[in-house]
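1. Sharing a model that was predicted from the sequence below.
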Amino acid sequence: MPATLEGLLVVAISSRALFDFEEENRLFEAADDAAYMQLQLARLEQPARPGVAFSLVNKLLAFNEAGAAPRVEVVILSRNDPVSGMRVFRSARRCGLPLQRGVFTRGRSPWRYLRPLGALLFLSANVDDVRSALAAGVPAARVYPESTHASAAHADEVRIAFDGDAVLFSDEAERVYQRDGLEAFQNHESERAATPLAPGPFKPLLAALHRLQQEPAGAMRLRTALVTARSAPAHERAIRTLMDWRIEVDEAMFLGGLPKGPFLGAFEPDFFFDDQTGHVENAGAHVPAGHVAAGVANEADGDPAGAADRVPATVPCPARP
């Protein structure tokens, strides 16, 4: 039988999202491709430090139990050249990550390979690649490598937090807010409280996580949270939309415009997704965070494209759950 990823939760991740390759990336930006490749070969046996999304990947892979059919697949999808990609795989092996598959495109955008992979999440430090993935219908976020790394306090539980509008839900309500202000937004949502919102770009990922959550593997568990600037009475439409989808979240925070960072710091997620850079930057001081470059808030976004996704000092890898 040919190999297949059908039925698996497939996460595609760039090398800079999984490992801390910022030192190497700065060299690439300042020098040439040949010098960069030589550096990676010189450091081939030097494992890279875990990056901002390492905890998320490490814990999701722990849902794969020995002797049982796998449930999660993580694939490296990187602008790295194939030679430098060897260090990515060696670093993964040294950290105990059972990664088998990778696509390395030497500076070209790799997003076209997301569909053949059946990916339900793409994490990259390159905003152009993220935008292309979102346009193709794949949940994707630009990681902020400088974000705080995940807490080690919940070794047996994956924790993921999502913003609502333009992330889990469509940006319908956000467009009303941007155009007409808070009062119009509240009235719009109150009048449509019983009408489910259309799905946003991350609904497929939330649905896949919900399925994974219903069948825990060994000691591993999964906990999700909705963290939104909505407040009552606009909260009701968000809740009813999730009910209509028959998807549950474990926690919901309706913050009415309060900064999200401190609340996320209390929840301690392995990753948080939001469509507004201000929220991501605030959250990144507390938890790993990624920018979902979708919806009306990003239509005129001047956010510069991320640096080329290229692959520093060694530190111990976090323990596998």
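-> Arrived safely, thanks for sending.
2. where exactly do the strands run in the stretch 51-200 of the chain?
-> In the stretch 51-200 of the chain, the strands defined using DSSP state E, counting those that start in this stretch lie at 72-78, 101-104, 121-124, 140-143, 157-162.
3. Helix, strand or coil: sort out Ala238 for me.
-> At Ala238 the chain is in helix, as set by DSSP: H, G, I helix; E, B strand; the rest coil.
4. Leaving out the residues flanking it, which one is nearest to it?
-> Closest residue to Ala238 apart from its sequence neighbours, by C-beta to C-beta, 6 or more residues apart in numbering: Gly164 at 5.3 Å. In short, each C-beta sits where N, CA and C put it, glycine included.
5. Which of the helices or strands spans Leu39?
-> Using DSSP states H and E, Leu39 maps to helix 33-42.
6. pLDDT on that helix, on average?
-> For helix 33-42, mean pLDDT rounds to 79.
7. For the very next helix or strand once past it, give the mean pLDDT please.
-> The helix or strand immediately downstream of helix 33-42 is strand 49-50, counting by DSSP H and E. Strand 49-50 shows a mean pLDDT of 92.
8. thinking again about what came up before, adding mean pLDDT as columns, could you present the strands of the stretch 51-200 of the chain in CSV?
-> Below are the strands of the stretch 51-200 of the chain laid out as CSV (pLDDT from 0 to 100):
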stretch, mean pLDDT
strand 72-78, 95
strand 101-104, 94
strand 121-124, 97
strand 140-143, 96
strand 157-162, 97
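9. what comes up buried for the helix-or-strand element of the chain with minimal mean pLDDT?
-> Within the chain, no helix or strand scores below helix 22-30, which has a mean of 73 by mean pLDDT, DSSP states H and E. Neighbour-count burial for helix 22-30, with 16 or more other C-beta atoms under 10 Å as criterion, is recorded at 22, 24-25, 27-28.
10. Could you measure from the residue of the chain most remote from its centre over to Asp171?
-> Going by C-alpha atoms, centre = their mean, the residue of the chain most distant from its centre is Glu191, 32.8 Å out. Separation of Glu191 from Asp171 (C-beta to C-beta, to the nearest Å) stands at 18 Å.
11. Can you tell me how far Ala225 is from Ile13?
-> Counting by C-beta to C-beta, the gap from Ala225 to Ile13 is 22 Å.
12. Looking at these two now, which is surrounded by more residues?
-> Relative neighbour count places Ile13 above the other of Ala225 and Ile13, with 26 against 19, counting by other C-beta atoms under 10 Å.
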